[in-house]
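1. need a structure here:
(one chain, ligands or ions: 2)
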Amino acid sequence: MFKIKVRTDKKSYPVYLGQGIMESIGPVMSRCLPARPVLVVSDRNVAPHYAEKCLKSLQLGGFKPFLEVLEGGEEDKSLMAASGLYERLLKTGLDRHSAIVALGGGVIGDLAGFVAATYLRGVPYVQVPTTLLAMVDSSIGGKVAVNHPLGKNLIGAFYQPALVVGDVDALKTLPGRELNAGLAELVKYGIIRDKKLFEQLESLIQSVPPEDWLLKIDSRQLLKFIIRAVLIKGEIVYFDEKEKNLRRILNFGHTFGHALESATRYAYYLHGEAVACGMAMEARLAALQEILDRVSQQRIISLIKQLDLPRPPAGLSVNAVMKALSYDKKKEGEELIFVLPAGIGKVLMYKAPSSSLVEKVVEEYLRGDLF
Ligand code: NAD
Ligand code: GLY
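-> Ligands and ions are numbered 1, 2, ... in the order given. From the prediction side, this is the model:
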């Protein structure tokens, strides 16, 4: 089992990563949290595989666990779902000496973390990520949120977990499409911060095409990538927990990615897929703005192309994507902000790129010319 410390100004917490470590959650948790009642929040796809293992282990660690299984999916990241959890916590009699365990992907982690941040003005919570995206991104760094009808993740807080336990064996039951969406987040870390990681992913993806990942990927290799990603994210969060400057680089691929998600009403792409398309588009924009050399642009786009992404949706217009972009919440005044690659392993913040170039990139993507 590997242990990585994530530090912020006010708090530091361990992230345990390994194979077959779900059984150890209770004993590991008892090192950081005194024994207490715990509400385990999970969803209907995850619970049948892992809830029993998790509950047993919590009992072994001296905790008194209760289980709440939600439907799951983005609709559950809502104030209504949060309210249902508050009710369950209150009715079960969980007080300030209790804790919450989020057993699932980013949806469960963001929701349960939000409830932990607000229930009785804050109780500790533990992230047990079961998707690749949650292991490398959402379980680390304390961004917790629910959606509002006017936008995603608009109601939330920065609230760090007490610990994170990521078991790569849980990825064996993850649908292939979800695994690829998480893989896109790994590629993101390579582009923004770690050329070597990018190159390792390049050679891995060439030797094992994404559709064969589930069968052929070596868990130890995957674990190494996850550790690398957590180290990178931990370092970024250490320098900038509240996203005032450095943490914004994690939004690479997100300006176009969010516009694609929003223009398709969150019903076409998985989040990681939209970010992957956004990364290819932002690499193209960087090249058009002469920030990125053409060879690096090609390498980035070719790697993303191999992620088995959905085709651009038929009927999606350039205007619809441009309109969605105009509502981007990262805007400063009227100016769009992009995180653009300046090479492989290096990005910069770029304000107000030429709108005709932005439009050209959207056109190229929608025509299928980009990849
Ligand atoms: P998710 O939580 O919806 O999980 C994806 C699907 O896989 C779900 O159907 C789930 O039930 C299923 N699943 C999860 N683990 C499984 C397993 N081991 N075996 C079988 N099925 C499994 O989606 P996600 O991609 O993990 O997370 C996306 C969410 O994360 C979005 O809401 C996004 O906004 C959020 N997010 C948050 C942050 C952050 O910093 N807090 C960062 C990135 C994304
Ligand atoms: N996923 C972006 C962040 O944690 O800042």
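
2. can we go C-alpha only for contacts and neighbour counts from here?
-> Will do.

3. please identify the buried residues of stretch 183-197?
-> 183-195, 197 (16 or more other C-alpha atoms under 10 Å).

4. contacting residues around the closest residue to ligand 2 within the chain?
-> Using C-alpha to the nearest ligand atom, the closest approach of the chain to ligand 2 is made by Leu250 at 5.1 Å. Neighbour list for Leu250: 188-189, 192 [criterion: C-alpha atoms under 8 Å, 6 or more residues apart in numbering].

5. now do Ile140
-> Ile140 is in contact with 160, 164, 230, 233-234, counting by C-alpha under 8 Å, 6+ apart.

6. is it in a helix, a strand, or coil?
-> coil (DSSP: H, G, I helix; E, B strand; the rest coil).

7. so what pLDDT did it get?
-> On pLDDT, Ile140 comes in at 98.

8. from what I can see Leu55 touches Pro65, true?
-> Yes: using C-alpha atoms under 8 Å, Leu55 is in contact with Pro65, at 6.1 Å.

9. got a markdown table for the contacts of Leu250, with pLDDT, distance to ligand 1 and secondary structure too?
-> Conversion of the contacts of Leu250 to a markdown table gives the following (pLDDT from 0 to 100; distance: C-alpha to the nearest ligand atom, whole Å; DSSP: H, G, I helix; E, B strand; the rest coil):
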| residue | pLDDT | distance to ligand 1 | secondary structure |
| --- | --- | --- | --- |
| Lys188 | 98 | 12 | helix |
| Tyr189 | 98 | 13 | helix |
| Ile192 | 98 | 15 | helix |
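
10. state the distance from the residue nearest to Phe239 when sequence neighbours are not counted to ligand 1.
-> Take Phe239 and drop its neighbours on the chain: the residue closest to it by C-alpha to C-alpha, 6 or more residues apart in numbering is Leu246, 7.2 Å away. Here the criterion is C-alpha to the nearest ligand atom, to the nearest Å. By it, Leu246 lies 14 Å from ligand 1.

11. what does stretch 81-100 rub up against?
-> With C-alpha under 8 Å, 6+ apart, stretch 81-100 has contacts from 36-41, 111-112, 114-116, 119-120, 122-126.

12. does stretch 257-273 reach ligand 2?
-> No: Stretch 257-273 lies apart from ligand 2 when judged by C-alpha under 6 Å from any ligand atom; the minimum separation is 10.5 Å.

13. typo on my end, stretch 144-162
-> No: Stretch 144-162 lies out of reach of ligand 2 by C-alpha under 6 Å from any ligand atom, never closer than 9.3 Å.

14. and Lys244, how many residues sit next to it?
-> 9 (other C-alpha atoms under 10 Å).

15. typo on my end, it should be Asp308
-> Other residues close to Asp308 by other C-alpha under 10 Å number 14.

16. can you check Glu243 too?
-> There are 15 residues near Glu243, going by other C-alpha under 10 Å.

17. what touches both of Leu55 and Pro65?
-> Val40.

18. what residues does the residue lying closest to Lys346 once chain neighbours are set aside make contact with?
-> Distances taken as C-alpha to C-alpha, 6+ apart place Ile192 nearest to Lys346, at 5.0 Å, with adjacent residues excluded. Residues counted as contacts of Ile192 (C-alpha under 8 Å, 6+ apart) are 249-250, 252, 341, 344-347.

19. kindly report the same for Arg44.
-> With contacts taken as C-alpha under 8 Å, 6+ apart, Arg44 has the following neighbours: 69-72.

20. for Glu199, same thing?
-> Gly190.

21. picking up where we left off before, nearest to Leu270 among the contacts of Arg44?
-> Gly72 (13.9 Å; C-alpha to C-alpha).

22. among the contacts of Ile140, name the ones in strands.
-> Val164 (DSSP state E).

23. export the contacts of Ile140 to TSV and tack on distance to ligand 1, neighbour count and pLDDT?
-> Shown next, in TSV, are the contacts of Ile140 (distance: C-alpha to the nearest ligand atom, whole Å; neighbours: other C-alpha atoms under 10 Å; pLDDT from 0 to 100):
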residue	distance to ligand 1	neighbour count	pLDDT
Gln160	10	28	98
Val164	13	28	98
Val230	12	25	98
Lys233	10	21	98
Gly234	12	22	98
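
24. which among the contacts of Ile140 gets closest to Asp293?
-> Of these, the one sitting nearest to Asp293 (C-alpha to C-alpha) turns out to be Lys233, at 26.0 Å.

25. re earlier: and the two most separated of the contacts of Ile140?
-> Gln160 and Val230 (14.4 Å).

26. related to what we said a few turns ago, buried ones among the contacts of stretch 81-100?
-> Using 16+ other C-alpha under 10 Å, the buried ones in those are 36-41, 111-112, 114-116, 119, 123-126.

27. which residues in the stretch 251-371 of the chain form helices?
-> Using DSSP state H, counting those that start in this stretch, the helices of the stretch 251-371 of the chain run over residues 254-263, 271-288, 294-305, 318-326, 355-367.

28. so which of the ones you listed has the densest surroundings on average?
-> Among the helices of the stretch 251-371 of the chain, helix 271-288 has the highest mean neighbour count (mean count of other C-alpha atoms under 10 Å), at a mean of 26.
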